[in-house]
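# Quick one: sequence plus predicted model below, questions after.
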Amino acid sequence: MPEGVEYVPLCEVAKVSNGHDHKSLPDGDYPVYGSGGVMRYANQYLYDKPSVLIPRKGSLGNIFFVDTPFWTVDTIFYTVINEDKLVPKFFFYFITVQHIEDLNQAGGVPSMTKAVLDKIKIPLPPLPIQREIVRILDNFTELTAELTAELTAELTARKKQYEYYRNELLSTGGEFYTLNNVCNIVDCPHTSPKWHQNGVPVIRNYNLVNGNIDTTNMSYVDDKEYKERIKRITPQKDDILFSREAPIGNVGIIPENFICCQGQRVVLLRPNKGIVIPRYLLHILQGAMVKEQINKVDKVGSTVSNFNIADLRRLKLSIPEISTQEIIADKLDKFNSLCSDIVKGLPAEIEARRKQYEYYRDKLLTFKSLES
């Protein structure tokens, strides 16, 4: 189409309509859409032809294509589309790339007006071309979803394989100890600190991920607060931090030259290296034997999951000779590294596919105007 296509205001090819209250409707089979998606199912529908639903309050960019009978509440518009000029799903794909949230007509809660939507310019290539673009984008969307599902399944399989391998290796015969026998166990300060934008990191339960300390979402205290929080013990390399509140049992090992302090409900474990090497203890704490003990205690606990220090001290561990610990820890470290590579690679692969999809989508939905 070197000569370009006609662009027209949305009001010339579609009627933007308000939704209606649904509270008096009995339950049924028809989805009731709000700005966040399906809220419930009612026994009546408001419209039964393909439509694009556009929030007028809240998440303005949360746009839906619906091709079955539906109801919408008054916080979301539905569109009655002239299908002689505009293929509904072509309109859906086009409007999703227009960043209509930038047309926000309010300074507080994001909102959209019918008057603004009516003026949005819509390209009108021939209907066969609109349908072909929809076919291509539908296929690309489906392929992207399939790839994401496959990669996620691969990650799940590798995690299960690692857990099985870890539990098998940790079942090697050894002498039984309690955690209290092999560690200096130091509870956290039972106060909530005054937070700062930067300073010394405070390790909280959600920073303990797969045996590591996740620094992507850190909280900080100043030097004065830090000194207060390390009066019992100063965290150092190879100390293990253990979360005793949901999620119970998450652990992370402190790396070299990493200054930090404990957050609430995070316990510090300093291994007696004459009995257990830190890396081996880290793997044991993530293994089936310890998790089963935690689950038994948690089931008889309070409404808010919490693992008491006394229960932590009583955890039973099977610990072999130091030389055997080193061999097992080396193997598990390597396997864990492979799994971590997959964990890191999965989001990167999905992001690459998303960008590829967006590139081709934007190319397909960009048209030269006849007025140019």
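Thanks, I have it. Numbers count the residues shown, from 1 in each chain.
# Can you tell me the closest non-neighbouring residue to residue 118?
Computed as CB to CB, 6 or more residues apart in numbering, the closest residue to residue 118 that is not its neighbour in sequence is residue 11, at 3.8 Å. Where you see a C-beta, it was placed from the backbone N, CA and C, and this is true even at glycine.
# quick one: secondary structure of residue 264?
Secondary structure, DSSP: H, G, I helix; E, B strand; the rest coil: residue 264 is coil.
# wait, residue 217
Per three-state DSSP, the secondary structure class of residue 217 is coil.
# So what's the residue count around it?
Using other CB atoms under 10 Å, residue 217 is surrounded by 8 other residues.
# likewise residue 364?
19.
# Quick check: phi and psi on it?
Phi and psi for residue 364, reported as degrees, to the nearest 10, are phi -70, psi -30.
# and the nearest residue to it once chain neighbours are set aside, which of the three is it?
The shortest distance from residue 364 to any non-neighbouring residue, by CB to CB, 6+ apart, is to residue 133 (5.0 Å). At residue 133 the chain is in helix, as set by three-state DSSP.
# pLDDT value on residue 71, please?
As predicted, residue 71 sits at a pLDDT of 94.
# That one contacts residue 29, correct?
No: checked against CB atoms under 8 Å, the pair residue 71 and residue 29 is beyond contact range at 11.0 Å.
# what about those two, which has more around it?
Taking other CB under 10 Å, residue 71 and residue 29 do not tie; residue 71 has more neighbours (25 against 11).
# picking up where we left off before, phi, psi of the residue nearest to residue 118?
Per-residue torsions, residue 11: phi -60, psi -20 (degrees, to the nearest 10).
# Mind pulling up the pLDDT for it?
So, for residue 11, pLDDT stands at 95.
# Pull the number of nearby residues for it.
Neighbours around residue 11, by other CB under 10 Å: 15.
# Next: residue 48.
Burial measure for residue 48: 12 neighbouring residues, criterion other CB under 10 Å.
# That one against residue 69, yeah?
Yes: here residue 48 reaches residue 69: they are 4.0 Å apart, a contact under CB under 8 Å.
# Run through the helices of the stretch 151-300 of the chain in chain order.
All helices of the stretch 151-300 of the chain, identified by DSSP state H, counting those that start in this stretch, fall at 179-182, 223-229, 278-285, 288-299.
# what comes into contact with stretch 243-252?
Contact with stretch 243-252 is made by 203, 205, 207-209, 211-214, 240-242, 264-267, 282, 285-286, 290-291, 294, 298, 304-309, 312, as judged by CB atoms under 8 Å, 6 or more residues apart in numbering.
# from these, which would you call buried?
If you count burial by 16 or more other CB atoms under 10 Å, the buried members of these come out as 203, 205, 207-208, 211-213, 240-242, 264-267, 282, 285-286, 290, 294, 298, 307, 312.
# who's in contact with residue 29?
With CB under 8 Å, 6+ apart, residue 29 has these contacts: 41, 43.
# buried set for the helix or strand hosting it?
Take DSSP states H and E as the rule and residue 29 turns out to sit in strand 27-34. Within strand 27-34, the residues that count as buried by 16+ other CB under 10 Å are 30-34.
# and these, which two are the farthest apart?
Among the buried residues of strand 27-34, the pair separated by the greatest distance (CB to CB) is 30 and 34, at 13.9 Å.
# so where is the stretch 1-150 of the chain shaky, pLDDT-wise?
1-2, 103-110 (pLDDT under 70).
# neighbouring strands for the stretch of helix or strand residue 122 belongs to, and are they parallel or not?
Using DSSP H and E, residue 122 sits within strand 121-124. Applying DSSP bridges, strand 121-124 is found paired with strand 6-9 (antiparallel).
# Mind listing what's buried along the strand it pairs with?
residue 7.
# Now do it: everything it contacts.
Contacting residues not belonging to strand 6-9 are listed as 118-124, 367, 369-371 [CB under 8 Å, 6+ apart].
# Can I get the helix or strand following it in CSV, CA atoms only?
Downstream of strand 6-9, the first helix or strand assigned by DSSP H and E is strand 14-18. Taking C-alpha atoms only, strand 14-18 is exported to CSV below (Å, rounded to 0.1, in the frame of the first residue of the first chain):
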residue,chain,number,x,y,z
ALA,A,14,-17.2,2.3,16.4
LYS,A,15,-19.5,3.4,19.1
VAL,A,16,-17.9,3.7,22.6
SER,A,17,-20.5,2.7,25.2
ASN,A,18,-20.6,2.7,29.0
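# circling back to that earlier point, pretty sure the residue nearest to residue 364 sits against residue 90.
Yes: counting by CB under 8 Å, residue 90 is a contact partner of residue 133 at 6.0 Å.
# and these two? which has more neighbours close in?
A count of neighbours by other CB under 10 Å puts residue 90 above the other of residue 133 and residue 90, at 25 against 19.
# In this structure the more buried one contacts residue 135, no?
No: the pair residue 90 and residue 135 fails to qualify as a contact (CB under 8 Å) at a distance of 10.2 Å.
# Report the contact partners of residue 207.
213-215, 217-218, 252, 263.
# ok, now with 7 Å
213-214, 218, 252 (CB atoms under 7 Å, 6 or more residues apart in numbering).
# How much space separates it from residue 163?
22 Å (CB to CB, to the nearest Å).
# what helix or strand does the closest residue to residue 87 other than its chain neighbours sit in?
Excluding its sequence neighbours, the residue lying closest to residue 87 (CB to CB, 6+ apart) is residue 130, at 4.1 Å. Residue 130 is part of helix 127-170 when elements are defined by DSSP H and E.
# Work out the gap between that helix and the centre of the chain.
Counting by CA atoms, centre = their mean, to the nearest Å, helix 127-170 is centred 16 Å from the centre of its parent chain.
# where does the stretch 201-350 of the chain have low pLDDT?
Short version for the stretch 201-350 of the chain, where the test is pLDDT under 70: 298-305, 342-344.
# This completes my enquiry, with thanks.
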